[in-house]
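**Q** Predicted coordinates and the sequence they were generated for:
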Amino acid sequence: MMIVPALVALGVLARPASAAVASTFTAPAAAPTDTSPFYVGASNGTIKNSPLVPGKVFDRFIQIWLENTNYAAAASQPAFRELSAQGITLSSYYGVTHTSEPNYLAAVGGDFWGLYDDNLVAVPSNISTIVDLLDQKDISWSEYMENMPYDGFAGFNYTNPDGYTYYVRKHNPLIMYDSVAQNTTRTARIRNFNDFSVDVGNNSLSQWIFVTPNLRDDGHDTTIEYASEWLTYWLPSLLNDTNFNNDRTLILLTFDETEIYTINNQVYSILLGGAIPENLRNTTDNTFYTHYSTLSTVQSNWDLGNLGRQDTNKTVANVFSFVADVTGYKNLDVTDIPLLNITETIPGPLNPEYYVPYLAPTNGTGGGSGPTYIAPGTNMSLNAANAPAPVNLTAQAHTTGVGFRDAEVSRMGLCACVVGVAAVVSALV
Ligand SMILES: *[C@@H]1O[C@H](CO)[C@@H](O)[C@H](O)[C@H]1NC(C)=O
Ligand SMILES: *[C@@H]1O[C@H](CO)[C@@H](O)[C@H](O)[C@H]1NC(C)=O
Ligand SMILES: *[C@@H]1O[C@H](CO)[C@@H](O)[C@H](O)[C@H]1NC(C)=O
Ligand SMILES: *[C@@H]1O[C@H](CO)[C@@H](O)[C@H](O)[C@H]1NC(C)=O
Ligand SMILES: *[C@@H]1O[C@H](CO)[C@@H](O)[C@H](O)[C@H]1NC(C)=O
Ligand SMILES: *[C@@H]1O[C@H](CO)[C@@H](O)[C@H](O)[C@H]1NC(C)=O
Ligand SMILES: *[C@@H]1O[C@H](CO)[C@@H](O)[C@H](O)[C@H]1NC(C)=O
Ligand SMILES: *[C@@H]1O[C@H](CO)[C@@H](O)[C@H](O)[C@H]1NC(C)=O
Ligand SMILES: *[C@@H]1O[C@H](CO)[C@@H](O)[C@H](O)[C@H]1NC(C)=O
Ligand SMILES: *[C@@H]1O[C@H](CO)[C@@H](O)[C@H](O)[C@H]1NC(C)=O
Ligand SMILES: *[C@@H]1O[C@H](CO)[C@@H](O)[C@H](O)[C@H]1NC(C)=O
Ligand SMILES: *[C@@H]1O[C@H](CO)[C@@H](O)[C@H](O)[C@H]1NC(C)=O
């Protein structure tokens, strides 16, 4: 098995985000509120939510993530310009690293743990996510994953009957965290698009929602033009549907990362929805935000606790300013924008060349006034103050024959042979 980490190290580190050939979007149904056999799994009935918990500025936050697009490319699209006219364009919003997967991890866990590729990962259950903070206040949440076959599906990807792989785990942020993936109450809230139509139809959407379109619709395997066609099918009619967007709804449309790695990671992002004051529609906000701002904004709105990760790092976690203006959160005026295109060299438990263990959260202040959440099973003695220096496990593997991926695989309790092969394959593509 020592060949696996060697391949991981040599194979893919500089792999760019890919955008392949264009083709034309075909609507899977007459409207996004209709179910479709294309979405695969039949609906599982309406989701059950706890009673609505009012926020200070919004009662529902919906994130919609597209893929691998430079700011200028999205800005040039009529579909995006039309949406911008209805909302607040965030002209200084950034992804936090490359590749895709670490950005999704960061958006719910406040860190990407040093990851720099799209391999199979499972973050251990002593690591918290936004779900822990929401659950503490009984604020309902769910994810909607297009072409995910059934609720809580944990597989690496899924291929439709037409032979195309539309769904990938690496774009499903919460399933990559064991604190969610190993709890069936929680996995039932990771739902597919047929559930979405039923939940909208029954006016039962949750209060925190993450939406991932499939690999073609999000632009990953296609182009920004294709993603714009999907967006035009999906979003404008939902913006008019009060079961999706009412006067207490805030929507963030964004991208995980830029396509090109050699520029900083600025992605075109728009805030939409009825919660945006009339006088701020068709305006631009040039405050510096990152994916961590989605955590601090939600914390600020519901006065939650924090994760003690980058959500408490004032530089990278400004709260969306129209929200901060109401909650009283003081944003930082960041004039020297950090480089957020750095990849491969950031230490963490998912970086075999700069490995440090999963550390306990650092006590800090997030968007809300609540305390730092400590997950059950956290070793508080293993923390940032006494963290061991990063070690190169890949180098160690060459001498001991035991590698990083082997350790990951055995910890995940999966069949080492199958996952080992998957790691080799994904390292080679
Ligand atoms: C409401 O939910 C039920 C199942 O829970 C489903 O059969 C029905 O079609 C849904 N209604 C709409 C309008 O989607
Ligand atoms: C949006 O603002 C621009 C000027 O910045 C203006 O030209 C355009 O007409 C406005 N659009 C709408 C829909 O208000
Ligand atoms: C419905 O939910 C149950 C419980 O979470 C799950 O076992 C089942 O796979 C789900 N079915 C579909 C079609 O999503
Ligand atoms: C699973 O999640 C539910 C809902 O957040 C929580 O109440 C329960 O304690 C969790 N179970 C375990 C074993 O962590
Ligand atoms: C949404 O509503 C607006 C205002 O009523 C209307 O102009 C627009 O055509 C509607 N869009 C869709 C897609 O239904
Ligand atoms: C990151 O972006 C900056 C431009 O802002 C560029 O100078 C730098 O070379 C990029 N870094 C990498 C690793 O590509
Ligand atoms: C906060 O974020 C900045 C920019 O990414 C980074 O340089 C700094 O190290 C971070 N601070 C902490 C404590 O993580
Ligand atoms: C964490 O920080 C808060 C203030 O931010 C403080 O009140 C609390 O005592 C600290 N807790 C620990 C365990 O250090
Ligand atoms: C979290 O769990 C992982 C896996 O069991 C372990 O390696 C790590 O030391 C733990 N970290 C903390 C801070 O508890
Ligand atoms: C907790 O972390 C400390 C510091 O790394 C370590 O010495 C200790 O063995 C850990 N405890 C457990 C139960 O893993
Ligand atoms: C880690 O070790 C491997 C194998 O010896 C080596 O190729 C790589 O350059 C090392 N990485 C760093 C950051 O030193
Ligand atoms: C799907 O997963 C299999 C391994 O399980 C892998 O061989 C294949 O490359 C993956 N495809 C995509 C598009 O991720």
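**A** Sure thing, it's come through. Predicted, not measured: the structure shown is a model, and the values here were computed from it. Ligands and ions are numbered 1, 2, ... in the order given.

**Q** Would you mind listing the residues in contact with the residue of the stretch 51-200 of the chain found nearest ligand 6?
**A** For the stretch 51-200 of the chain and ligand 6, the shortest gap (C-beta to the nearest ligand atom) falls at His98, measuring 8.6 Å. No exception for glycine: its C-beta is placed from N, CA and C like everyone else's. The neighbours of His98, taking C-beta atoms under 8 Å, 6 or more residues apart in numbering as the test, are Ala17, Tyr116, Glu257, Tyr261, Asn265, Asn341, Thr343.

**Q** now with 10 Å?
**A** 14-17, 68, 112, 116-117, 256-261, 265, 340-344 (C-beta atoms under 10 Å, 6 or more residues apart in numbering).

**Q** do Gln182 as well
**A** Ala122, Pro124, Ser125, Ala154.

**Q** at 8 Å what do you get?
**A** By C-beta under 8 Å, 6+ apart, the contact list for Gln182 reads Ser125.

**Q** on that earlier part again, would you show me how to pick out the buried ones of the contacts of His98 in PyMOL?
**A** Selecting only the buried entries of the contacts of His98 in PyMOL, with 16 or more other C-beta atoms under 10 Å as the criterion:
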select buried, resi 17+68+112+116+117+256+257+258+259+261+265+340+341+343+344
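
**Q** ok, and of the contacts of His98, which contact ligand 6?
**A** Tyr261, Asn341 (C-beta under 6 Å from any ligand atom).

**Q** circling back to that earlier point, look up phi and psi at the closest residue to the residue of the stretch 51-200 of the chain closest to ligand 6 other than its chain neighbours.
**A** Excluding the flanking residues, the one nearest His98 by C-beta to C-beta, 6 or more residues apart in numbering is Thr343, at 4.3 Å. Phi and psi for Thr343, reported as degrees, to the nearest 10, are phi -150, psi 160.

**Q** So Thr343 is in contact with Thr262, correct?
**A** No: proximity of Thr343 to Thr262 does not meet the contact threshold set by C-beta atoms under 8 Å, at 11.3 Å.

**Q** In the chain, which helix is the longest?
**A** helix 224-239 (DSSP state H).

**Q** From the rest of the structure, what touches the helix or strand just after it?
**A** For helix 224-239, the succeeding helix or strand toward the C-terminus, using DSSP states H and E, is strand 249-255. Contacts to strand 249-255, defined as C-beta under 8 Å, 6+ apart, come from residues 57-69, 74, 83, 87, 93, 95, 219, 231, 235, 239, 245, 267-276, 291, 294, 320, 323.

**Q** Tell me which entries of the residues you listed lie within helices.
**A** In this view, the contacts of strand 249-255 that belong to helices under DSSP H are Ala74, Leu83, Leu231, Leu235, Leu239, Thr294, Val323.
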